[in-house]
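A.B. asks: fold the following, please.
(2 chains)
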2 protein chains.
Amino acid sequence: MSGETPAGGTYSFLTEETSVDAVLARLENCQDERLAEVMTSVIRHLHAVIKEVEPTQQEWALAIDFLTKTGQKCDDKRQEWILMSDTLGVSMLVDAINHRRPSGATENTVLGPFHVEGAPVHALGGNISKDGKGTPCFVSGRVLDSDGNAIPGAKLDVWQSNADGFYDVQQPGIQPAMNLRGIFRADDEGRYWFRTQKPQFYPVPTDGPVGKLLMAMGRHPFRPAHLHYIVSAEGCETVTTHIFVRDDPYLHSDAVFGVKESLIRDFDMVDDPDRAAEIGLPNPFAEVAFDVVLARV
Amino acid sequence: MSGETPAGGTYSFLTEETSVDAVLARLENCQDERLAEVMTSVIRHLHAVIKEVEPTQQEWALAIDFLTKTGQKCDDKRQEWILMSDTLGVSMLVDAINHRRPSGATENTVLGPFHVEGAPVHALGGNISKDGKGTPCFVSGRVLDSDGNAIPGAKLDVWQSNADGFYDVQQPGIQPAMNLRGIFRADDEGRYWFRTQKPQFYPVPTDGPVGKLLMAMGRHPFRPAHLHYIVSAEGCETVTTHIFVRDDPYLHSDAVFGVKESLIRDFDMVDDPDRAAEIGLPNPFAEVAFDVVLARV
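C.D. replies: Here you go, the predicted structure:
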């Protein structure tokens, strides 16, 4: 049943057949064009899901309960809705849409929740591992533009979890503050190098509604081992990315879909006492090379 | 990039092109077939929304914030996610899908959040208005089956907001407990009648994220005046419904899409001192008739 309202608008009472049109008609007075565009898409697809799935009232009540508890699990240290977005591949999709780069430029991946502003600035070669755990690791590479020119002075902000699979901010009082975080500046030839420990895979939080959903879907909660980078330089598009350890058991099933082929690297074990001494690491150690290519803007 | 994992599963790294398949592939170990079916639909449509809308990172952060705050607004007296479901027409759609009835049977509409178990049982003709506000109103009708046979003893559970637009449970200490709630039993001919006050339109709550979204969409928060019924009888499908006041200004724009053509009724003003005295109401009064048709199961 539809028609014209006394005020001259249109109406249609909601039925299974008219449900989308009935709800979209109510956007007729929306002054915010972008919101109207977004809500039109949301309403269309939300109703499509309901029509495909035909939830029982009990199932819809379960969905409401899930949505409610996901918000209620959030606080200043925990963002369960971002975890939901991450584990359904939405965060990576949004990231991809917002970072369409020229071929050859280093690809983005998700920022994740563990970046901290104000990490310590190190000289090139500095060691960001303050707890000395895990396998010592030497990281080096160059920061270049898409034409292969060095970008002297490029800023590299790097961070990672420790050998136990936790970031420092997850273990205050257990890990030293600012463990495994550092800011470096590339040298005159765009080169950078630093010491750390080899990253380890770790689980996303599983004690909330999203973790329970992951388990119910038959999925594991692990992220493959990775080292985070934010690389920036004047006149270039900033890259937020990770490098992933090639032999990680979860490389092909990252719980948050962060892996890209171009970001996988070999972390080779090196047994060379002279080189270890030169670098300032115990022998043997892991070594990885990663060049970052920034797009000029 | 896709292929076979070391364990023999399939994988595909997430890109804009592969995002749906990459996420759906992770359902391969889901033991709960219904959950897999639901999540397949959710994932497909969620990614479709993102691809249509192409949110910026800032917009996606706003969405995450909205989702979070909607859960955090909920407590034992407030269910903001149900309000979200209601105002996007989803509750009515789920209700419609779950109550496909033979033509002629009284149609369902949403239960709403204000039903209370254990309302007082009244004799036929009883007055459920304990605050005596508003326009006195006489309600009567019959409970029938689809063949037109009376259903003696059918149970009618009725409730409504008062003339100020609030339910008793929204105003504890202001309204008398169990104001405008009652349970009646139809007589031997399926007839029922009772006294009340004419219902009034009222707003859904607007002090939370969903209310703000409604306003941003250019929508008003009002529900047209209505009287709730749950009607049940042995051997029949229970009906949860309302009747709506035909001349209500919000009849064609119910904030929760609850109106159906078949549920609209005239609430006629009657000026007849003798009838008023007979019924036990002040003169003049409003009168409405509503027959309920239950489907046999």
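A.B. asks: which stretches of chain A form strands?
C.D. replies: A:2-4, A:10-12, A:136-145, A:155-159, A:181-185, A:191-197, A:202-203, A:222-223, A:226-232, A:239-245, A:264-265, A:268-270, A:285-289, A:292-294 (DSSP state E).
A.B. asks: out of these, indicate the one that is most buried.
C.D. replies: Most buried of the strands of chain A by mean neighbour count (mean count of other CB atoms under 10 Å in any protein chain shown) is strand A:239-245; its value is a mean of 24. Placement of C-beta: from N, CA and C, glycine included.
A.B. asks: just the CA atoms of that one, as CSV, please.
C.D. replies: Listed next in CSV are the C-alpha coordinates belonging to strand A:239-245 (Å, rounded to 0.1, in the frame of the first residue of the first chain):
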residue,chain,number,x,y,z
VAL,A,239,53.1,4.2,3.7
THR,A,240,51.7,2.2,6.6
THR,A,241,52.6,-1.4,6.2
HIS,A,242,54.2,-4.6,7.7
ILE,A,243,56.7,-7.1,6.5
PHE,A,244,55.7,-10.7,7.1
VAL,A,245,58.0,-13.6,7.9
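A.B. asks: so which elements touch it?
C.D. replies: strand A:226-232, strand A:264-265, strand A:292-294 (3 or more CB pairs under 8 Å, 6 or more residues apart in numbering or on different chains; DSSP states H and E).
A.B. asks: flag every buried residue along stretch A:71-85.
C.D. replies: Neighbour-count burial for stretch A:71-85 flags A:71-74, A:79-85 (criterion: 16 or more other CB atoms under 10 Å in any protein chain shown).
A.B. asks: state the distance from A:Ile43 to A:Arg34.
C.D. replies: Here the distance between A:Ile43 and A:Arg34 works out to 15 Å (CB to CB, to the nearest Å).
A.B. asks: which ones are touching the nearest residue to A:Ile43 once chain neighbours are set aside?
C.D. replies: Ranked by CB to CB, 6 or more residues apart in numbering or on different chains and with sequence neighbours excluded, the top spatial neighbour of A:Ile43 is A:Val23, at 5.1 Å. When contacts are counted by CB atoms under 8 Å, 6 or more residues apart in numbering or on different chains, A:Val23 is found next to A:14, A:43, A:47, B:88-89, B:257.
A.B. asks: now the stretch 1-150 of chain A against chain B: closest residue?
C.D. replies: Nearest to chain B, among the residues of the stretch 1-150 of chain A, is A:Gly71, at 1.8 Å (CB to the nearest CB).
A.B. asks: quick check: beta-bridge partners of the residue lying closest to A:Asp21 once chain neighbours are set aside?
C.D. replies: With CB to CB, 6+ apart as the criterion, A:Asp21 has its nearest non-adjacent residue at 5.7 Å, and that residue is A:Ser12. Each beta-bridge partner of A:Ser12 is listed here: A:Ser2, as defined by DSSP bridges.
A.B. asks: ok, A:Ser12 touching A:Ala22?
C.D. replies: Yes - using CB atoms under 8 Å as the test, A:Ser12 is close enough to A:Ala22 to be in contact (4.6 Å).
A.B. asks: mind listing what A:Val121 touches?
C.D. replies: A:182-185.
A.B. asks: nearest to chain B, of these?
C.D. replies: Using CB to the nearest CB as the measure, the one of those that approaches chain B most closely is A:Ile183, at 22.2 Å.
A.B. asks: top helix in chain A by residue count?
C.D. replies: Ranked by residue count and defined by DSSP state H, the top helix of chain A is helix A:33-53.
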